[in-house]
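> how does the following fold in three dimensions:
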Amino acid sequence: MRKHAVGFLLLMAWSLVALGCGNDLDGETLIGAPCAEDSDCDPGAGVCITTVEPGLCSQSCDRPGAAQSCPLGAYCDEQQVETATETEAKMTLCFPACDRDSDCREGYACNGVSEGPGKVCSPKK
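Here you go, the predicted model:
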């Protein structure tokens with residue numbers, strides 16, 4: 001019985017690590033997709049970052065580096081960006097995860113998040 005409990009706890013711990021960068025296990029997300037306006041992105045929560053054209057779909061999140069604030073494949077970060085509905089300002093949004101610049105679209109660079117682990121594709125400065 002004790003072996004099973006330890007195995008279960010290890011499985012649960014691994015699951016939490018795997019979920020650390022997002023919480024959307026059931027569906028696809030449009031984070032990182034090209035856009036021109038918010039309605040081109042995830043229904044109800046989509047934000048179109050227009051700092052670089054074409055825009056980049058995103059959504060609001062709690063705080064930079066927060067676990068499970070964004071769908072899988074994305075991290076929460078605070079960046080100086082412009083959106084389809086807001087002028088340039090610091091905003092806390094989900095950005096596509098990356099390992100290197102070549103993982104990002106033209107006009108974006110792979111940078112570390114402002115708090116916590118991970119890297120995201122954010123507008124080149």
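
> what's the weakest-modelled helix or strand in this protein?
Ranked by mean pLDDT, DSSP states H and E, the weakest helix or strand in the chain is helix 2-18, scoring a mean of 38.

> P43: neighbour count?
P43 has 8 neighbours, counted by other Cβ atoms under 10 Å. Bear in mind the C-beta positions are built from the backbone N, C-alpha and C, glycine included.

> just the pLDDT at it, thanks.
Reading off the confidence values, P43 has pLDDT 85.

> how close does it get to S60?
14 Å (Cβ to Cβ, to the nearest Å).

> before we move on, what about C121?
To S60, C121 is 17 Å away according to Cβ to Cβ.

> what do you get for G116?
Relative to S60, and taking Cβ to Cβ, G116 is found at 17 Å.

> before we move on, the earlier item: and C121 and S60? which has more neighbours close in?
Taking neighbours as other Cβ under 10 Å, C121 and S60 compare with C121 leading, 23 against 14.

> thought that one was touching L93?
No: the criterion here is Cβ atoms under 8 Å, and C121 misses it with L93 at 11.7 Å.

> can you tell me which residues contact the residue nearest to the spatial centre of the chain?
Most central in the chain under Cα atoms, centre = their mean is A74, positioned 2.7 Å from the mean C-alpha point. Shown in contact with A74 (Cβ atoms under 8 Å, 6 or more residues apart in numbering): 21-22, 29, 31-32, 94-97, 120.

> quick one: end-to-end length of stretch 76-91, please.
10 Å (Cα to Cα, to the nearest Å).

> and the residue nearest to A36 when sequence neighbours are not counted, what is it in contact with?
Once flanking residues are discounted, A36 sits nearest to G55: 5.9 Å by Cβ to Cβ, 6 or more residues apart in numbering. G55 makes contacts with 34-37, 40, 48-49, 84, as judged by Cβ under 8 Å, 6+ apart.
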